[in-house]
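J.: Build me a model from this:
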Amino acid sequence: MCYITFMKTVPLSIRLDKDLHLLLAEGAQRTRFNQRELLRHTLRLHLREVIESEALAAQPKLTNVEPWPRGALAKAYRQADKDWEAVEAAATAAQGQPSWDD
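T.: Numbering: from 1, shown residues only. Below you'll find the predicted structure:
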């Protein structure tokens with residue numbers, strides 16, 4: 001049994017310069033493809049090469065520290081809030097009574 005799957009096509013509107021449009025028309029006359037087929041065929045054959053040649057160089061990492069897992073930062077802030085309240089309470093208790101003589 002043979003199954004045939006069809007890809008969905010996505011229309012894409014592009015503006016062509018006059019010289020590119022003329023070249024496309026010439027290609028359609030000189031090949032067995034119409035203009036749309038010629039564009040699709042050209043993209044299939046050469047798009048990967050263009051992407052590789054024009055791709056931006058990868059930026060090096062600023063650090064080798066991995067990011068925290070999701071939710072870990074919120075958990076750390078909750079813990080820091082509890083710890084900070086204990087620090088403030090200890091600091092207030094250590095100050096003693098205020099005096100006008102200070």
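
J.: What count of nearby residues applies to Gln35?
T.: Taking other CB atoms under 10 Å as the neighbour definition, Gln35 ends up with a count of 14. C-beta coordinates here come from the backbone N, C-alpha and C atoms, glycine included.

J.: Help me confirm that it comes into contact with Ala28.
T.: Yes - counting by CB atoms under 8 Å, Ala28 is a contact partner of Gln35 at 4.7 Å.

J.: Common neighbours of the two, please.
T.: In terms of CB atoms under 8 Å, 6 or more residues apart in numbering, Gln35 and Ala28 are not both contacted by any residue.

J.: Which secondary structure element is home to Val87?
T.: Assigned by DSSP states H and E, Val87 falls within helix 72-95.

J.: ok now that helix, how far from the chain's centre?
T.: 37 Å (CA atoms, centre = their mean, to the nearest Å).

J.: tell me which residues in it are buried?
T.: Buried residues in helix 72-95, counting neighbours by 16 or more other CB atoms under 10 Å, are absent.

J.: ok, residues contacting it?
T.: Helix 72-95 is contacted from outside by Trp68, using CB under 8 Å, 6+ apart.

J.: C-alpha coordinates for that helix, PDB please?
T.: Taking C-alpha atoms only, helix 72-95 is exported to PDB below (Å, rounded to 0.1, in the frame of the first residue of the first chain):
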ATOM      1  CA  ALA A  72      14.700  28.100  40.700                       C
ATOM      2  CA  LEU A  73      15.100  31.900  40.700                       C
ATOM      3  CA  ALA A  74      11.600  32.400  42.200                       C
ATOM      4  CA  LYS A  75      12.400  29.800  44.900                       C
ATOM      5  CA  ALA A  76      15.700  31.500  45.700                       C
ATOM      6  CA  TYR A  77      14.000  34.900  46.100                       C
ATOM      7  CA  ARG A  78      11.400  33.400  48.400                       C
ATOM      8  CA  GLN A  79      14.100  31.900  50.500                       C
ATOM      9  CA  ALA A  80      16.100  35.200  50.400                       C
ATOM     10  CA  ASP A  81      13.000  37.100  51.600                       C
ATOM     11  CA  LYS A  82      12.700  34.800  54.700                       C
ATOM     12  CA  ASP A  83      16.400  35.100  55.400                       C
ATOM     13  CA  TRP A  84      16.400  38.900  55.100                       C
ATOM     14  CA  GLU A  85      13.600  39.200  57.600                       C
ATOM     15  CA  ALA A  86      15.700  37.200  60.100                       C
ATOM     16  CA  VAL A  87      18.700  39.500  59.400                       C
ATOM     17  CA  GLU A  88      16.600  42.700  59.900                       C
ATOM     18  CA  ALA A  89      15.200  41.300  63.200                       C
ATOM     19  CA  ALA A  90      18.700  40.500  64.500                       C
ATOM     20  CA  ALA A  91      20.100  43.800  63.400                       C
ATOM     21  CA  THR A  92      17.300  45.700  65.100                       C
ATOM     22  CA  ALA A  93      17.700  43.700  68.300                       C
ATOM     23  CA  ALA A  94      21.500  44.300  68.400                       C
ATOM     24  CA  GLN A  95      21.100  48.100  68.100                       C
END
